[in-house]
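1. Quick one: sequence and predicted model below, then my questions.
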Amino acid sequence: MPTAVLFDVDGTLVDSVDLHAQAWRKALARFGHELPYEAVRSQIGKGADQLLPAFLSPVELRSYGEELESWRGDLYRREYLPLVRPFPRVRQLLQRIRRGGARVALASSSRREELAVYVGVLGVGDLLDAATTADDVDRSKPSPDVFVACLRRLGVPAHHAVAVGDSPCDAESAADAGVRTVGLLCGGFDPDQLRASGVVALYSDPSDLFERFEASPLAQDEDSGRPWA
């Protein structure tokens, strides 16, 4: 049974994947890289340090990678961040987890400033025990660093935690940190890709997970299947 539940945020708790994709596509185009929307969208979930190498050469990264990232960040915060909305029943889901005795944390590839806005939009600041962002680690997802840092802050062993995320890189990142992942489809990623990345269960969105909570990995003992609350 989990002692802690570690949530990704973009595409998992807030509807922001397409907004991020639009911002990245505009930024890449500004620096001479016209790319198909789906090619950019498929990389969302990664931090800039992991996303940009998918599209820029090492020479391009050294030449203008930081400038591109900065321009994209300003654009996202100015034009897209105000459009972010929460998925339904996130607060109820987090309250249910805490009633069962588990701790709740956020493990995100977003920047600290963006995460603060998300927490406000979600209205869950009082339900969080910890949060880590791309600003807290050297490498963002799919590196395990964000999850490892989050577990360290909580003081919880990896095998006592469950992650919840919407993208294959969430599952890969958590797995490399030794954490099982529950997948959500609300981020728009392919279910087969999520299964291939190792998710242990799939739900439509936070509301679906809340509705089916008692039978989910968040409420069941992994070995016996007995509810933990």
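-> Ah, there it is.
2. Output the contacting helices and strands for the lowest-mean-pLDDT helix or strand in the chain.
-> Lowest by mean pLDDT, DSSP states H and E among the helices and strands of the chain is helix 48-51, with a mean of 90. Using 3 or more CB pairs under 8 Å, 6 or more residues apart in numbering; DSSP states H and E as the contact test, no helix or strand touches helix 48-51. Every residue, glycine included, has its C-beta placed from N, CA and C.
3. ranges for the helices of this protein?
-> Ranges of helices within the chain are 17-30, 37-41, 48-51, 58-60, 66-75, 90-99, 112-122, 145-154, 168-176, 191-196, 206-211, based on DSSP state H.
4. Identify each buried residue in the third one, please.
-> Under the neighbour-count criterion of 16 or more other CB atoms under 10 Å, helix 48-51 has 48-51 buried.
5. One more: the longest one?
-> Buried positions in helix 17-30, judged by neighbour count with 16+ other CB under 10 Å: 17-28.
6. Domain-wise, how is the protein divided?
-> Domain ranges of the chain: 4-15+85-215, 17-83, per automatic domain parsing.
7. Most tightly packed of the ones you listed?
-> Comparing the domains of the chain on average neighbours per residue, with mean count of other CB atoms under 10 Å, the densest one is domain 4-15+85-215 at a mean of 20.
8. Okay, now that domain: how far is its last residue from its first?
-> Domain 4-15+85-215 has an end-to-end distance of 17 Å (criterion: CA to CA, to the nearest Å).
9. same check, this time on stretch 134-153
-> First residue to last in stretch 134-153 (CA to CA) measures 15 Å.
10. Stretch 158-175 now?
-> Stretch 158-175 has its terminal residues 9 Å apart, counting by CA to CA.
11. now that stretch: mean pLDDT?
-> In this model, stretch 158-175 has an average pLDDT of 95.
12. Tell me how far that stretch lies from the chain's centre.
-> Remark: stretch 158-175 is offset 9 Å from the chain centroid, using CA atoms, centre = their mean, to the nearest Å.
13. where does the chain dip in pLDDT?
-> Where the chain drops to pLDDT under 70, the residues are 221-229.
14. ok now do the closest residue to residue 13 other than its chain neighbours, which residues does it touch?
-> Setting aside the residues directly before and after it, residue 13 is nearest to residue 90 in space (CB to CB, 6 or more residues apart in numbering), at 5.1 Å. Contact partners of residue 90, counting by CB atoms under 8 Å, 6 or more residues apart in numbering, are 13, 122, 124, 206.
15. now residue 80
-> 16, 19-20, 22-23.
16. Likewise for residue 97?
-> Neighbouring residues of residue 97 by CB under 8 Å, 6+ apart: 5, 104, 218.
17. The last one and residue 163 touch, don't they?
-> No: Residue 218 sits out of contact with residue 163 when judged by CB atoms under 8 Å, with a separation of 10.5 Å.
18. which residues do the two both contact?
-> With contacts defined as CB under 8 Å, 6+ apart, the residues shared by residue 218 and residue 163 are 5, 182.
19. May I see the buried residues of helix 48-51 organised as TSV, with distance to residue 98 added?
-> Supplementary listing: the buried residues of helix 48-51 in TSV, determined by distance: CB to CB, whole Å:
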residue	distance to residue 98
48	32
49	32
50	31
51	33
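20. before we move on, the earlier item: distance to residue 65 added to the contacts of residue 97, as JSON lines?
-> Output for these, formatted as JSON lines (distance: CB to CB, whole Å):
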{"residue": "5", "distance to residue 65": "34"}
{"residue": "104", "distance to residue 65": "34"}
{"residue": "218", "distance to residue 65": "38"}
